[in-house]
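> 3D model of this:
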Amino acid sequence: MFYGRGAGGDPTASAVLGDLIDAAANLRKGTHATIGTLGRARIRPIDEITSSYYVNLDVEDRPGVLREIAEVLERHGVSVRSMEQEGLGAEARLIFITHVAREADVRATLREMRDLGPIHRVGSVLRVVDSD
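This is a model prediction of the structure:
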């Protein structure tokens, strides 16, 4: 994975794609050029990755639903950094941003949440990359 500050948007995408093309060409030729020789990377299992996560849930809008969700989060050691609720008639959309958590813990949390009666749908689940 390559990451860091960049020009943003299309210029960054163009630069990354250019680097990948250079790397593929160099690998095929057995040479190195503009990006140099890269060392062998250790690829970690996805379950070991840590990140903050954005999660949105469509739920019944009634007392006790947040408590049920909080209990699932607690069982799996996933902490909430921020939460927002938007009412949608008899339903609500809950949007969570978590503190840094292990991928395996977030997956286990989501599996259990899908079985909760008041949760109608687990929507988007995205990793959040902090710019700090």
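> from the middle of its chain, how far away would whichever strand or helix holds residue 82 be?
For residue 82, the host element (DSSP states H and E) is strand 80-88. Its chain's C-alpha centre and that of strand 80-88 lie 17 Å apart, by Cα atoms, centre = their mean, to the nearest Å.
> who touches the helix or strand following that strand?
Next in sequence after strand 80-88, counting helices and strands by DSSP H and E, comes strand 91-98. Contacts with strand 91-98, where a contact means Cβ atoms under 8 Å, 6 or more residues apart in numbering, come from 52-61, 65-66, 69, 78-86, 106, 120, 123, 128. Every residue, glycine included, has its C-beta placed from N, CA and C.
> Filter those down to just the buried residues.
Neighbour-count burial (16 or more other Cβ atoms under 10 Å) is assigned, among those, to 52-59, 61, 65, 69, 78, 106.
> Serialize those residues to TSV and add fields for distance to residue 16.
As requested, those are exported to TSV (distance: Cβ to Cβ, whole Å):
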residue	distance to residue 16
52	23
53	24
54	23
55	27
56	28
57	33
58	35
59	38
61	43
65	42
69	37
78	31
106	26
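> now the helix ranked longest in the chain: mean pLDDT?
Taking DSSP state H as the criterion, the chain has its longest helix at helix 9-29. Average pLDDT, helix 9-29: 77.
> Sheet partners, orientation included, of the helix or strand following it?
Tracing the chain C-terminally past helix 9-29 and defining elements by DSSP H and E, one meets strand 50-60 next. Take DSSP bridges as the rule and strand 50-60 pairs in its sheet with strand 91-98 (antiparallel), strand 101-102 (antiparallel), strand 119-128 (antiparallel).
> what's the closest of those to residue 18?
Nearest to residue 18 among those is strand 119-128 (24.9 Å), distances taken as Cβ to Cβ.
> how about low-confidence regions in the chain?
Along the chain, segments meeting pLDDT under 70 span 1-11, 32-38, 131-132.
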